[in-house]
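Visitor: Here is a sequence together with a model predicted from it:
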Amino acid sequence: MSLQTNSSNIYISFNQTEKYACFGTPIGFYIYSINPFKKILSRKIDCGVSLVKMLYESNIVLFVGRTDRGLYPNNKLIIWDDSRKAVLGEISYNSQIHNISVTKQHIVVLLEKKIYIYNFETLFLIKSIDI
């Protein structure tokens with residue numbers, strides 16, 4: 001489940017076990033445990049984050065930037081390993097990413113007119129669907 005709030009420009013999603021909430025903000029992303037409600041991770045990202053997802057209860061975070069240009073634009077998916085403090089992979093598109101979903105096996109990326117499904121480990125494109 002995720003929620004985009006236009007008035008505050010904050011994106012909210014829960015991990016698959018619903019034990020953590022992920023927040024994308026104009027200055028970066030935050031991850032909080034739900035019970036007890038406490039910040040467990042925060043990263044400043046130049047120009048902010050429009051989408052953020054946590055892979056189950058791991059150190060892997062997928063995010064998309066907010067702007068059209070820069071290191072983390074809104075058309076590039078970033079796969080971040082917080083334990084290594086390093087980018088594991090990135091996938092760029094010709095248009096803005098509208099949503100992402102992740103499981104241990106797959107990454108699904110939604111663009112305005114297309115859906116892409118990748119193998120999580122290899123980032124190999126499994127299927128693309130015109131919508």
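Guide: Perfect, thanks for sending it.

Visitor: contacts, neighbours, all on C-alpha from now
Guide: Fine.

Visitor: give me the number of residues near the closest residue to Lys76 other than its chain neighbours?
Guide: Counting by CA to CA, 6 or more residues apart in numbering, Lys76 lies nearest to Ser92, which is 4.3 Å off, once chain neighbours are set aside. Look at Ser92: counted by other CA atoms under 10 Å, it has 13 neighbours.

Visitor: got a pLDDT number for Ser92?
Guide: For Ser92, the pLDDT comes out at 97.

Visitor: ok, it - contacts?
Guide: Taking CA atoms under 8 Å, 6 or more residues apart in numbering, we find Ser92 in contact with 75-77.

Visitor: now do Lys85
Guide: Taking CA under 8 Å, 6+ apart, one finds nothing in contact with Lys85.

Visitor: got it, and the one 3 residues further on?
Guide: Counting by CA under 8 Å, 6+ apart, Leu88 touches 78-81.

Visitor: coming back round to it: what about the residue nearest to Lys76, distance to Ile31?
Guide: Distance of Ser92 to Ile31, given as CA to CA, to the nearest Å: 24 Å.

Visitor: what's the following helix or strand after the strand or helix carrying Tyr118?
Guide: For Tyr118, the element it lies in under DSSP states H and E is strand 114-119. Counting by DSSP H and E, the element after strand 114-119 in chain order, helix or strand, is strand 125-130.

Visitor: Next, the residue of the chain most remote from its centre: phi, psi?
Guide: Relative to the C-alpha centroid of the chain, counting by CA atoms, centre = their mean, Pro36 is the outermost residue, at 23.3 Å. Pro36 adopts backbone torsions of phi -80, psi 150, taken as degrees, to the nearest 10.

Visitor: Report the contact partners of it.
Guide: Taking CA under 8 Å, 6+ apart, one finds nothing in contact with Pro36.

Visitor: So for it, what's the pLDDT?
Guide: Reported pLDDT for Pro36: 95.

Visitor: Then Gly70?
Guide: Looking at Gly70, its pLDDT reads 86.
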